[in-house]
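Asks: predicted coordinates and the sequence they were generated for:
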Amino acid sequence: MTTANIAHVIFLTTDVSSNKSLSRALPGRVFRQIALSDCSPEVAKKYVISHLENDVLDVAADPEMKKLTPHERRKDLEELDDCIGALGGRLTELGYLIRRMKTGESPKKAINEIIKQSASEILKMYLTTSEDNKWTPEQAWILIKALGAIKEGGMLRYNEVLLDDAFKSGGEGVIQALEQAELISIISSSNGRPEGIKPGRPVYQPAFQRLTEDKVLKSKIELSILNSLIKSASADIDKYEGELKLLGDLPKQPNEVMNRVRWLLAKLQASQAKVEQWEKETGLMKKLLQQEY
């Protein structure tokens, strides 16, 4: 229908990589994308309250309560204003909140439990080693830590993330895999260029913060990151020392070589300083892991 110019075709999907499938089916075609965002906090609050309207409460003890709607009988609904923002406007999370509130939990307690459950799921799905994953726990942790530190509604710079040592090799593929797994969302500019990274779900923002507050988890993963950095820097030092030895074995030292020697010495010194700093940090983390549960 599209190739014959009979009609426009609209695909609705939750698959962030749907363009790949469409491109294979219709090569050479340009697909226009519109990302549907979560509903606003005001709409989310009305959605929750409308479902509480259907909740049946026992009002026999106080006939005056019959004059009020079910959601008006609750004294804790004013908490929703502070809680909805952390939960976001997705129907899945709002459904969890409604079910918990109908069992008698206050909005604050219900959302705290949802955030706690989300943090546990993130730990199991993204921060454990698996052969099926296209990312390492260390790469996922770097994004979780950075996103947990930004303000609600903020985002990371896409290209700045790629400059991190952990993403230098195949970084874009890793980020796309994490988006496909719904840990993060990639925000594109008006011309389609990736420009930012946000949590995959609004509720992940407070969940990320909770995970980064876990000292033992933080020390364990960052210890692994530091060990990788030390290994990489030590390999660079060996490379610089090897080249300096080759230059030192030359029968004559032309002036042109001295610039290279100075550059190698500066690189060697910088790498050695980094290794010494990282080893101090690993010592502190090992000490914490020996003391905390």
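Replies: Perfect, I can see it now.
Asks: ramachandran angles for the spatially closest residue to Tyr158 that is not a sequence neighbour?
Replies: Leaving aside its sequence neighbours, Tyr158 sits nearest to Pro194 (C-beta to C-beta, 6 or more residues apart in numbering; 4.5 Å). In this view, the C-beta of every residue, glycine as well, is placed from N, C-alpha and C. Backbone torsions of Pro194, given as degrees, to the nearest 10, read phi -60, psi 130.
Asks: what do you get for Leu156?
Replies: Main-chain torsions, Leu156, degrees, to the nearest 10: phi -90, psi 150.
Asks: show me the shaky parts of the stretch 51-200 of the chain.
Replies: 54-74 (pLDDT under 70).
Asks: ends of stretch 184-194, how far apart?
Replies: Length of stretch 184-194, first residue to last, C-alpha to C-alpha, to the nearest Å: 13 Å.
Asks: got the contact list for it?
Replies: Contacts with stretch 184-194, where a contact means C-beta atoms under 8 Å, 6 or more residues apart in numbering, come from 16, 143, 147, 155, 158, 175-176, 178-179, 195-200.
Asks: what's the helix or strand containing Ala86 packed up against?
Replies: Taking DSSP states H and E as the criterion, Ala86 maps to helix 80-87. If contacts are counted by 3 or more C-beta pairs under 8 Å, 6 or more residues apart in numbering; DSSP states H and E, helix 80-87 sits against helix 41-52, helix 91-102, helix 107-126.
Asks: and the longest one, what does it pack onto?
Replies: Packed against helix 107-126, as judged by 3+ C-beta pairs under 8 Å, 6+ apart, are the following elements: helix 80-87, helix 91-102, helix 137-149, helix 204-212.
Asks: picking up where we left off before, nearest to Val9, out of the helices and strands packed on helix 80-87?
Replies: In terms of C-beta to C-beta, the element of the helices and strands packed on helix 80-87 nearest to Val9 is helix 91-102, at 25.5 Å.
Asks: and that closest one, what does it pack against?
Replies: Packing contacts for helix 91-102, counted by 3+ C-beta pairs under 8 Å, 6+ apart, involve helix 41-52, helix 80-87, helix 107-126.
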